[in-house]
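**Q** my questions are about this predicted structure, shown below with the sequence.
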Amino acid sequence: MDLLAHLIDPWFLGLIFGGTLMGIVFGAIPGMTATMAVAVCLPLTFSLGLVNGLALLLSLYVGGITGGLVPAILLGIPGTPSSITTTFDGFPMAKRGEGERALKIAIIASVVGGLVSLVALYFFAPVLAQFAIKFSYVEKFLIIFFALTVMAALSKDMLLGIFSGVLGIFLSLIGTYDITNGGNGHTRLIPPGMEYWLDGGFALLPVLIGIFGVTVILEEAELGMPRGQSLKDIEVGPHSRFSFSVFRGQWVNLLRSGGIGTFVGILPGVGGSAASILSYTAAKTTSRHPERYGKGEPAGVIASEAGNNGLTGGALVPLLSLGIPGDSTTALLIGAFALQGIQVGPLFISQNIDTWNAMIAAMLISNLVMLVVMFFAIRWFAMVIAVPKQILYPFILMMCVIGAYTINYGIIFDVWTLLIFGVFGWIMAKLRLEVAPFIIGFILGPAAEIYFVKSLESFGDLAIFFTKSWIAVVLWVLIVASVAGSIAISRRNARMGEPSA
Amino acid sequence: MSVTRRLLLSAVGAALVTMPVVAEAQNLPRNVRMVIGSSSTGGDTYQNASILADALSEHLGVNVRVDPVGASEAFKALARDSRGTTIMMHHDQSYLQELYGVEGSPDIFEEFTVGPTISVNPGNAYLVPADSPYQTMEDVLAAAEAGERVRVAIQPGGVSEIGFTAMRNAARMQAPGSEENIVPVNTGDQADKNQAMWDDLADVINGSIQANEQFTQLPEDDPTAMRFIWITATPETLNQAPEEGLGETDRAEMLTYAAPEVSVPMTAEENFTFDKEFFLMFNSETDPALIEAIDTAMDEIYAEGDIQQRFLDAFFTPEYRPMAEAQEHLQSKNDDYETIISELKSE
């Protein structure tokens, strides 16, 4: 069946529409993720056939990544790990009555990011894949290290922020140095008596929704029912309305963020969350008003969402050109190919041109469906703010528990992890430790460790980090620029007498 | 509320509570959770488990759900549940990792009940870059004998390492001491092993027919091009694979990379071969009648013959061995590999 036949096939189009919608719902519920949506529907693909099955899964992927922006903006709880940075500015905007505006900005940024990556995927996949294999352990470590320098830029108090980030890295390393990652299979850093529970470490998603979701609920519970939190208390006025003028001067930010997302996506093993983190930092450090970031700056929302949707096309590059998934969700897509007996590798595109075209068409249509559906649904999404907290929070808590329990297919310790980190996040705030750098450290810590150790095992000494390749040199320049930028922002803010974002 | 009504409601409640747990017909749980030793849904373990779970669900009229929780969590889940609602599917890794001394690995023959075998993945293979000077395994062993370091990318502690151990064993038999020149490059998943080759960190990599075949079809000047030099499956297993093979590599060509065409001696009389076999495991306290029911169901499913085609379509070889036979077979495999591993360790 050629592409045109697919495009007029109501079943194909219906699956894209349904998949995008379901993905948005999964992404929008705290605790549920795009990966989970794809995992749930994976067994269906056997009966749907390859093209229709992929249309469904890719739409779930696009919808799921985008849906994460809804709770990130309206509740301050990232729906997916890659929408953490959306909370930084989206939530403050919602709190001052600009929820709907923030959502619209985020949706348009998501679509642009998705389209940028789709263009890159369609026209340059083989070339990008050849470029991706130039990134050995050393270059991957430097990318992660670069992303870690973001901790400084995102800290309110640089010392406490960096301490929080290092604490995040430390806690992420608890457990087994897994042989499936090339480790030695030994456990480390586990408190005595906890080996049974902690040999796999703390899982990322329960930590994330614990820190962002449960902590918020505990903090609100501590406050009781103060005024100023219902819809009628939020000041809605001219500043709340969306206008395309917000994108004036943001095209560089949009394209750069989409490009960064795509680039991070093509590097297997770097992790999807790094895409939005790097996009956000690039936007902040190059901005003329970095002090506005973290307080409701639309450019921050644009960078984060264009970055994480840029990932969608990028992560498919290594999958379809090398048979290597670019992130956890595309790893599930391999299962769809395998269940249909299709090999993915360097010959996939040339040998399956119809499937390839249908995949691109599915992603393109999915992005457009997402734009229409989200715009249509925005008013209802925004009503979340109006739901009384005593009703909303128990529901969120329930979804968080379900999400934590199901993310690794039914491990009860993940629920304990959720609750432990919920309380931990609440205590962190009392100690003025900082959540953003902590969670970035936690996300990037394991990959940083593996690539650092593997670099030394493979090449022998520390000098290799500076001499491996021209890519390494470029990454060092970026790292130094990022650190210098963070210091400059911090000093400027100190001079202005207010803390940075 | 009258006593009768209360009693009635209690009885209905009790019935509702117990109904989902136990199906009356065969005393089998109505919902069976099949945990697997992999956390990936894209790998061969998940594929094999899905095929078997579908067949069991249909045949027994129960829900069998595959949960890819990974080996460590799967063993924990199995150890916790003696009711038979949790069963485990994994492959030779489950005993090999114990033989290789991976921390926290159980002795499956002691701690669990090993069940019937299901299928074989005949794809375990070793590859070299397309422009490698090594044309055959003999070249690799000769290079080691000549004092050349041969770096082999593997994931330590299991299926990926067993072929590497066999290489070292063969080198030792050919020229004692030369095994020291065959050195491991410990990597993670297949992407890492491929990358190790492209970064010139490894001369030989462990891979599979399924994951690497397309790279063997690339022009030799492509920086990612590879060549097979060894497929570890037995010729009997490969002969059951579809004649057209996989991708552009047909069965006849695959056989040229496997024993006896490729010789990696295990003993003076016997070549080393390795079939990656999938099998079930049960909690050792699970009611033997439940285990027997599953074993019998598998016997009937394989006798019907449809499941075989599903395995073959996915490039696996169906291989049902009833539980008693499977236990003996896997124990014997375990003992053979234990001998080689411990001899190489003791040096």
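**A** All right, it came through fine.
**Q** whatever helix or strand residue B:335 lives in vs chain A: in contact?
**A** Assigned by DSSP states H and E, residue B:335 belongs to helix B:323-346. No - judged by C-beta under 8 Å from any C-beta of the partner chain, helix B:323-346 makes no contact with chain A; its nearest approach is 15.3 Å. Just so you know, the C-beta spots here come from the backbone N, C-alpha and C atoms, and that holds for glycine as well.
**Q** got the buried residues for that helix?
**A** Buried residues in helix B:323-346, defined by neighbour count with 16 or more other C-beta atoms under 10 Å in any protein chain shown: B:323, B:326, B:327, B:329, B:330, B:333, B:334, B:337, B:340, B:341.
**Q** with adjacent residues omitted, what lies nearest to the residue of the stretch 151-300 of chain B at minimum distance from chain A?
**A** Per C-beta to the nearest C-beta, the residue of the stretch 151-300 of chain B with the smallest distance to chain A is residue B:214, at 3.1 Å. The spatially closest residue to residue B:214, leaving aside those adjacent along the chain, is residue A:345, at 3.1 Å (C-beta to C-beta, 6 or more residues apart in numbering or on different chains).
**Q** pretty sure that neighbour sits in a strand.
**A** No - using DSSP: H, G, I helix; E, B strand; the rest coil, the assignment for residue A:345 is coil, not a strand.
**Q** quick one: contacts for it?
**A** Residues in contact with residue A:345, defined by C-beta atoms under 8 Å, 6 or more residues apart in numbering or on different chains, are A:322, A:323, B:211, B:212, B:213, B:214, B:215.
**Q** please name the residues that touch the second one.
**A** Right, residue A:323. With contact set as C-beta under 8 Å, 6+ apart, residue A:323 has these partners: A:334, A:343, A:344, A:345, A:346, A:348, B:190, B:211, B:214.
**Q** try it again at 10 Å.
**A** A:334, A:337, A:343-348, B:42, B:190-191, B:194, B:210-215 (C-beta atoms under 10 Å, 6 or more residues apart in numbering or on different chains).
**Q** the fifth one too?
**A** Residues near residue B:213 by C-beta under 10 Å, 6+ apart: A:323, A:343, A:345, A:347, B:123, B:125, B:127, B:207, B:226, B:228, B:245-249, B:254, B:315.
**Q** need the helices for the stretch 1-150 of chain B, in chain order.
**A** Secondary structure of the stretch 1-150 of chain B, counting by DSSP state H, counting those that start in this stretch: helices at B:3-18, B:44-60, B:71-80, B:93-99, B:108-111, B:137-145.
**Q** ignore what I typed, I meant the stretch 151-300 of chain B.
**A** B:159-174, B:190-198, B:209-212, B:235-239, B:251-256, B:288-304.
**Q** show me what the fifth one is packed up against.
**A** Applying 3 or more C-beta pairs under 10 Å, 6 or more residues apart in numbering or on different chains; DSSP states H and E, one finds that helix B:251-256 contacts strand B:226-231, helix B:235-239.
**Q** got it, and the third one?
**A** For helix B:209-212, the contact count by 3+ C-beta pairs under 10 Å, 6+ apart identifies helix B:44-60, strand B:124-129, helix B:190-198, strand B:226-231 as packing neighbours.
**Q** related to what we said a few turns ago, lowest pLDDT pick from the buried residues of helix B:323-346?
**A** Confidence by pLDDT is poorest for residue B:340 among the buried residues of helix B:323-346, given 85.
**Q** pretty sure that residue sits against residue B:162.
**A** Yes - assessed by C-beta atoms under 10 Å, residue B:340 is found in contact with residue B:162 at 8.6 Å.
**Q** overlap of the contact sets of these two?
**A** The contact sets of residue B:340 and residue B:162 overlap at B:99, B:272 (C-beta under 10 Å, 6+ apart).
**Q** okay, which residue is most central for chain A?
**A** Nearest to the geometric centre of chain A sits residue A:82, at 0.9 Å (C-alpha atoms, centre = their mean).
**Q** quick one: contacts for the nearest residue to that one once chain neighbours are set aside?
**A** Spatially, and ignoring its direct neighbours in sequence, residue A:82 is nearest to residue A:308 (3.9 Å; C-beta to C-beta, 6+ apart). Counting by C-beta under 10 Å, 6+ apart, residue A:308 touches A:34, A:65-66, A:68-69, A:78, A:80-86, A:106, A:109-110, A:113-114, A:257-258, A:261, A:264-265, A:272-273, A:275-277, A:279-280.
**Q** at 8 Å instead, please
**A** When contacts are counted by C-beta under 8 Å, 6+ apart, residue A:308 touches A:65, A:68, A:80, A:82-83, A:86, A:110, A:113, A:261, A:272, A:275-276, A:279.
**Q** CSV for the helices of the stretch 1-150 of chain B, including mean neighbour count, distance to chain A and mean pLDDT?
**A** As requested, those are arranged in CSV below (neighbours: other C-beta atoms under 10 Å in any protein chain shown; distance: least, C-beta to the nearest C-beta, whole Å; pLDDT from 0 to 100):
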stretch, mean neighbour count, distance to chain A, mean pLDDT
helix B:3-18, 10, 20, 53
helix B:44-60, 22, 5, 92
helix B:71-80, 21, 6, 93
helix B:93-99, 24, 8, 93
helix B:108-111, 15, 15, 96
helix B:137-145, 20, 21, 96
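**Q** burial count for residue 219?
**A** Going with chain A. Residues lying near residue A:219 (other C-beta atoms under 10 Å in any protein chain shown) number 13.
**Q** switch to chain B, please.
**A** 7.
**Q** pretty sure it sits against residue B:131.
**A** No - using C-beta atoms under 8 Å, residue B:219 makes no contact with residue B:131, being 11.1 Å away.
**Q** give me the common contacts of those two.
**A** Residues touching both residue B:219 and residue B:131 (C-beta under 8 Å, 6+ apart) are residue B:225.
**Q** related to what we said a few turns ago, now list the buried members of the contacts of residue B:213.
**A** Judged by 16+ other C-beta under 10 Å, buried ones among the contacts of residue B:213: A:323, A:343, A:345, A:347, B:123, B:125, B:127, B:207, B:226, B:228, B:245-247, B:249, B:254, B:315.
**Q** nearest to residue A:49 among these?
**A** Comparing the buried ones among the contacts of residue B:213 against residue A:49 with C-beta to C-beta places residue A:343 closest, at 17.0 Å.
**Q** next, the contact list for the closest one, please.
**A** Listed by C-beta under 8 Å, 6+ apart, the contact set of residue A:343 reads A:323, A:337, B:210, B:213, B:214, B:246, B:247.
**Q** ok, back up a step: and the helices and strands packed on helix B:251-256, which is most packed in?
**A** strand B:226-231 (a mean of 23; mean count of other C-beta atoms under 10 Å in any protein chain shown).
**Q** distance from the chain centre to it, please.
**A** On the basis of C-alpha atoms, centre = their mean, to the nearest Å, strand B:226-231 is displaced by 19 Å from the centre of the chain it belongs to.
**Q** now swap in stretch B:335-347 and tell me
**A** Mean-position distance between stretch B:335-347 and its chain equals 20 Å (C-alpha atoms, centre = their mean).
**Q** and what of stretch B:191-199?
**A** Its chain's C-alpha centre and that of stretch B:191-199 lie 22 Å apart, by C-alpha atoms, centre = their mean.
**Q** do stretch A:424-435 as well
**A** Taking mean C-alpha positions (C-alpha atoms, centre = their mean), stretch A:424-435 and its chain are 22 Å apart.
**Q** next one: stretch A:122-142
**A** 20 Å.
**Q** wait, doesn't residue A:30 sit right on residue A:75?
**A** Yes - in this structure, residue A:30 is within contact of residue A:75 by C-beta under 8 Å, at 7.0 Å.
**Q** so what sits against both of those two?
**A** Residues touching both residue A:30 and residue A:75 (C-beta under 8 Å, 6+ apart) are residue A:396.
**Q** counting neighbours, what do you get for the closest residue to residue A:19 other than its chain neighbours?
**A** Once flanking residues are discounted, residue A:19 sits nearest to residue A:59: 3.0 Å by C-beta to C-beta, 6+ apart. Using other C-beta under 10 Å, residue A:59 has 30 other residues around it.
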